[in-house]
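Student: Provided below are the primary sequence and the corresponding predicted coordinates.
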Amino acid sequence: MNSYDSNKIADLLSHHFNMTPIDEPQKADLLILNTCSIREKAQEKVFSELGRWRKIKNIRPKTLIAVGGCVASQEGKNIRSRAPEVDIVFGPQTLHRLPKMIEDVLEKEHKPIDVSFPLIEKFDYLPQSHSSSVSAYVSIMEGCSKYCTFCVVPYTRGEEVSRTLDEIIFEISNLVKNGVKEIILLGQNVNAYKGIRLKDNKSINFSELIRYVSNIKGVQRIRHTTSHPIDFTDDLIEEYRNNKLCSNLHLPVQSGSDFILSRMKRKHTTLEYKKMIRKVRLVRPDISITSDFIVGYPGETKQYFEETINLIDEVGFDDGYSFIYSKRPGTPAAYEGDDVPLSIKKERLSVVQDIIRKNSRKYLEKLINTKQEVLVEGESKKKSGELFGRTFTNKIVHFKAPKSLVGKTIELDIVSANRSSLIGRI
């Protein structure tokens, strides 16, 4: 979501001020930090970077500094007190007001702070994207209303609000005209989407939205992230029969212990989660299943942790993101006793990551000596003269080929596997 928001900020600055991004911060007219507060480490990095930028502003006092995103939303005026060099503070829902805030600083010497939640107003003021990339994010909803005890998102991005079907279809149609082939539908809880069709005020759910998007001429692939298990409904599972919806599902489970899940207020059990996975695998046997895991949540005993390991083994996730529990200010879990020592948390994280790495390797090795349909995204950053693309199951493939193939869907022979990607040959 931050990547999407950052691209929209760049579009805004280009549209209103004819600004272009540069790689050297010491030469910039405007420095912007678009922040995340999902984990404590990310939040502290913000103030470290601002300390470095303060030196730039001391040398070039006219350089403007802006802080946006979830840390801005969470901290508000505290950012200015900790970092007085900051000129503008804006939240994820007010990034569209950034041009006006910049004008206020330049013309009125006023330093604005706007971290309000004007629902989904921002999409009405964002300029049309001119992205010509092969794959593009499209935000279809924002916020979350689940209020899991560990999560700061409802407090920094607000509750769930969905865009209209018409807005989404218009944005995707324009992206396709620019050459985009793959659409990634984006939301904090994307499968909770509940929009409307403007002409008749008809309610549209997530599976219906996927169907509409798949009917747009030029859309070759559809992906989505991130989902919540309690919104992973049977009609969405059935939509995996749609041959444009990619064979990968990222469905965060967080823990394999029903006791910990109940403390997290996840509102589902491990049995219900496994039943969803079984159902979707009946429709798509080759589907890639990935997830998120939190270790060391308050009250997690050795037994509860082992239940998480058992779930990972039983489901056979082929990749995942795992984190040590990080206390987030203002969340219910922040008021619980953090009773798992850091050394234990680190040990458990290492165990989870080792298992997931092995699962990932096993999944990739199964693809060796198969033919895979790959959408070519661009030049490889790892090796000069190579391109990279993704399989229908969202696995990255590196291969030698002419640049003219970028944007094309081609068939590759998979010849080997690295730790997290594949090597292919035309």
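Tutor: That came through fine. Residues are numbered from 1 along each chain as shown.
Student: any idea how far residue 398 is from residue 10?
Tutor: Applying CB to CB, to the nearest Å, the value for residue 10 to residue 398 is 28 Å. For every residue, glycine as well, the C-beta is placed using N, CA and C.
Student: Kindly report the same for residue 258.
Tutor: In terms of CB to CB, residue 258 sits 41 Å off from residue 398.
Student: same deal with residue 209?
Tutor: For residue 209 relative to residue 398 (CB to CB), the value is 33 Å.
Student: can you check residue 192 too?
Tutor: Relative to residue 398, and taking CB to CB, residue 192 is found at 35 Å.
Student: higher neighbour count, these two?
Tutor: Using other CB atoms under 10 Å, the more surrounded residue of residue 192 and residue 398 is residue 192, with 20 against 17.
Student: how about the strands in the stretch 201-350 of the chain?
Tutor: 202-205, 221-225, 248-250, 288-295, 319-324 (DSSP state E, counting those that start in this stretch).
Student: With mean pLDDT, distance to residue 393 and mean neighbour count as added columns, please give those strands in JSON lines.
Tutor: Shown next, in JSON lines, are those (pLDDT from 0 to 100; distance: least, CB to CB, whole Å; neighbours: other CB atoms under 10 Å):
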{"stretch": "strand 202-205", "mean pLDDT": "96", "distance to residue 393": "25", "mean neighbour count": "14"}
{"stretch": "strand 221-225", "mean pLDDT": "97", "distance to residue 393": "10", "mean neighbour count": "22"}
{"stretch": "strand 248-250", "mean pLDDT": "97", "distance to residue 393": "5", "mean neighbour count": "23"}
{"stretch": "strand 288-295", "mean pLDDT": "97", "distance to residue 393": "4", "mean neighbour count": "22"}
{"stretch": "strand 319-324", "mean pLDDT": "95", "distance to residue 393": "10", "mean neighbour count": "18"}
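Student: what about the ones you listed, which gets the closest to residue 412?
Tutor: Across the strands of the stretch 201-350 of the chain, residue 412 has its closest neighbour in strand 221-225 (15.7 Å, CB to CB).
Student: so how far is the closest one from its chain's centroid?
Tutor: Between the centre of strand 221-225 and the centre of its chain there are 12 Å (CA atoms, centre = their mean, to the nearest Å).
Student: Name the surrounding residues that touch that strand.
Tutor: 135, 181-187, 190-191, 206, 210, 213-214, 242, 244-246, 248, 250, 375, 392, 394 (CB atoms under 8 Å, 6 or more residues apart in numbering).
Student: which stretches of this protein have low pLDDT?
Tutor: For the chain, applying pLDDT under 70 flags the ranges 119-122, 125, 130-132.
Student: Not counting sequence-adjacent ones, nearest residue to residue 117?
Tutor: Distances taken as CB to CB, 6 or more residues apart in numbering put residue 158 closest to residue 117, at 4.2 Å, once the chain neighbours are dropped.
Student: pretty sure that neighbour belongs to a strand, no?
Tutor: No. Looking at residue 158 with DSSP: H, G, I helix; E, B strand; the rest coil, it is coil, so not inside a strand.
Student: Hmm, it is touching residue 142, no?
Tutor: Yes. If you go by CB atoms under 8 Å, residue 158 and residue 142 touch, sitting 7.0 Å apart.
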